[in-house]
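Undergrad: Model the following, please.
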Amino acid sequence: MFKFGVEYSFKDFIALNKLYAKKMKKWWRRAIEIFYIVAGIIFILIGAVMLTEEISFSWFFVIFLGIILILLMVFAPYLGAIQTKRLLLQDEHKMEFSFEEEFFIETTDKSESKRFYNSIFSLYFYKDRYFIFLDKRHAYIIPKDFLKEINQDEFIKFISEKSEKEWIYVK
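TA: I've put the predicted structure just below:
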């Protein structure tokens, strides 16, 4: 029915990590983010006071710790994307997809995986990419640009009907 190949870029992994952060956002996760940022600001302010009071060399460590806490929160999606890319089993980041009537096949240089549509956990569209989640953490990324050869509207309708899931559009 539908057959196409994709080649992943670093931006695809960043989009996956940002989508995961958005869809799995819990109140406690937001609280931790706020805590890190506030703690970072407090450490920087304490370090600045220590610097003006000429209290030993420990001011450097306090300011450095504050900056690290803030940078961790700002660059968390990028760090997650680096880890995701590193953990990806495919060296080339190239995949072929074949969506048939009863199942779909994902093929790489190293393996081939056949999955039935009822194994799809959820469907998302975010930043010009389709995400087919197999569970809460694992997803196939299908950049919209790689669907130019096929009818995209038919494709998303087909996947939605076969999986009995609706596409969720995230801003």
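Undergrad: For the protein, just list every one of the strands.
TA: Here the chain has its strands, by DSSP state E, at 2-7, 94-99, 103-107, 112-116, 122-126, 129-133, 139-143, 167-169.
Undergrad: distance between the fourth one and the chain's centre?
TA: Strand 112-116 sits 22 Å away from the centroid of its parent chain (CA atoms, centre = their mean, to the nearest Å).
Undergrad: list the buried ones in the lengthiest helix in the chain?
TA: In the chain, assigned by DSSP state H, the helix with the most residues is helix 27-52. Across helix 27-52, burial judged by 16 or more other CB atoms under 10 Å covers Tyr36, Ile37, Gly40, Phe43, Ile44, Ile46, Gly47, Met50. Every C-beta, even on glycine, is put in place using the N, C-alpha and C of the backbone.
Undergrad: do stretch 117-135 as well
TA: Buried residues in stretch 117-135, counting neighbours by 16+ other CB under 10 Å, are found at 117, 120, 122-127, 129-133.
Undergrad: Leu147: which of the residues you listed is nearest?
TA: Using CB to CB, Tyr130 comes nearest to Leu147 of the buried residues of stretch 117-135, at 7.8 Å.
Undergrad: The closest one contacts Ile120, correct?
TA: No. Applying CB atoms under 8 Å as the test, Tyr130 and Ile120 come out as separate, 11.6 Å apart.
Undergrad: Please name the bridge partners of the residue lying closest to Tyr140 once chain neighbours are set aside.
TA: Closest residue to Tyr140 apart from its sequence neighbours, by CB to CB, 6 or more residues apart in numbering: Ile132 at 4.4 Å. As for beta bridges, Ile132 partners with Leu123, Tyr140 under DSSP bridges.
Undergrad: so who does Ile132 touch?
TA: Ile120, Leu123, Ala139, Tyr140, Ile142, Ile159 (CB atoms under 8 Å, 6 or more residues apart in numbering).
Undergrad: tell me the contacts of the first one?
TA: Right, Ile120. By CB under 8 Å, 6+ apart, the contact list for Ile120 reads Ile132, Phe133, Leu134, Ile159, Ser163, Lys165.
Undergrad: Now Tyr124: closest residue in space that isn't a chain neighbour?
TA: Per CB to CB, 6+ apart, closest to Tyr124 is Phe131, 4.2 Å.
Undergrad: Surely the one you found touches Arg137?
TA: No. Phe131 lies out of contact with Arg137 (CB under 8 Å); the separation is 11.6 Å.
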